[in-house]
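Peer 1: everything below, folded, please.
(one chain, ligands or ions: 2)
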Amino acid sequence: MQVLPTHIGANTKECPPLGKLIVLTGPSGVGKGTLMNAILQRYPELHYSVSATTRSPRPGEVNGKNYHFITRSEFEKLVTQGEFLEWAEFAGNFYGTPREAVLNHIQSGKLVVLEIELEGARQIRHTFPSALSIFILPPSFAELEKRIRGRGQDTEEAISRRLNRAEEEIAAADEFNLQIINGDFEEALQEIEKAIFH
Ligand SMILES: Nc1ncnc2c1ncn2[C@@H]1O[C@H](COP(=O)(O)OP(=O)(O)OP(=O)(O)O)[C@@H](O)[C@H]1O
Ligand SMILES: Nc1nc2c(ncn2[C@@H]2O[C@H](COP(=O)(O)O)[C@@H](O)[C@H]2O)c(=O)[nH]1
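Peer 2: Ligands and ions are numbered 1, 2, ... in the order given. The predicted structure is shown next:
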């Protein structure tokens with residue numbers, strides 16, 4: 001039986017995945033979640049990792065389905081206990097991937113998908129070098145802003161923070177295995193499917 005590491009040190013690599021880990025990253029509002037939901041509808045055998053966050057739920061978001069919504073002190077405790085595979089602060093809130101569920105699913109041979117921001121995706125690149133990392137790009141910055149605003153679920157302050165961060169995120173796109181422009185939704189979806197299954 002393989003022993004799973006319980007803590008990621010600076011030079012530690014997670015054990016080689018028996019299944020496959022897929023990371024979708026890219027700026028807020030580019031359409032990662034929408035693409036992910038479409039992929040999960042088509043391929044229910046994929047396992048989507050539900051993150052923990054200190055952000056407040058948006059209207060319609062369900063605890064345990066969209067996120068595990070927790071307090072800052074709960075989040076900090078989980079960090080101390082090494083319960084996250086990666087975590088980061090984004091636009092004033094904390095987000096993290098629960099370690100145990102992901103490793104268990106990978107061990108049982110599942111394809112596991114993470115939808116996370118840049119810093120977390122970088123951490124996964126180091127700890128899981130064999131993960132497939134896909135960076136989703138907007139067709140233009142103006143379109144990205146239109147999408148975040150069009151979603152209508154963030155305050156003006158949250159929108160500015162996310163757009164300010166987006167430039168830096170887009171500049172890092174080349175760090176990842178694949179860059180896909182989410183202009184035409186169906187085309188982007190097909191490119192992701194191809195990357196995962198072929
Ligand atoms: N190809 C597309 N063309 C036009 N609109 C799109 C496209 N893809 C997604 N959208 C829309 O863009 C908005 C933002 O999408 P979504 O919430 O999936 O982004 P996200 O990258 O997951 O954001 P976050 O990282 O903040 O969670 C949604 O209203 C979605 O319907
Ligand atoms: N590093 C991580 N980033 C995560 C995780 N779960 C989600 N995210 C990313 O955070 C931003 C903001 O999300 P929102 O739901 O508040 O719009 C977005 O880029 C998500 O992909 C995580 O576990 N770790």
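
Peer 1: need the contact list for the spatially closest residue to Glu83 that is not a sequence neighbour.
Peer 2: Nearest residue to Glu83 in three dimensions, chain neighbours excluded: Arg99, at 5.7 Å (CB to CB, 6 or more residues apart in numbering). Where C-beta positions appear, they are placed from N, C-alpha and C, glycine not excepted. Neighbouring residues of Arg99 by CB atoms under 8 Å, 6 or more residues apart in numbering: 6, 82-85.

Peer 1: change it to 6 Å
Peer 2: Contact analysis of Arg99 by CB atoms under 6 Å, 6 or more residues apart in numbering lists 83-85.

Peer 1: try Arg151
Peer 2: Residues near Arg151 by CB under 6 Å, 6+ apart: none.

Peer 1: what separates it from Lys65, distance-wise?
Peer 2: Relative to Lys65, Arg151 is positioned 18 Å away (CB to CB, to the nearest Å).

Peer 1: ok, now Phe197?
Peer 2: Distance from Phe197 to Lys65, by CB to CB: 25 Å.

Peer 1: in three-state terms, label the closest residue to Glu145 other than its chain neighbours for me.
Peer 2: Distances taken as CB to CB, 6+ apart place Leu163 nearest to Glu145, at 6.0 Å, with adjacent residues excluded. Assigned with DSSP: H, G, I helix; E, B strand; the rest coil, Leu163 falls in the helix class.

Peer 1: burial of Leu163, as a residue count?
Peer 2: Using other CB atoms under 10 Å, Leu163 has 18 other residues around it.
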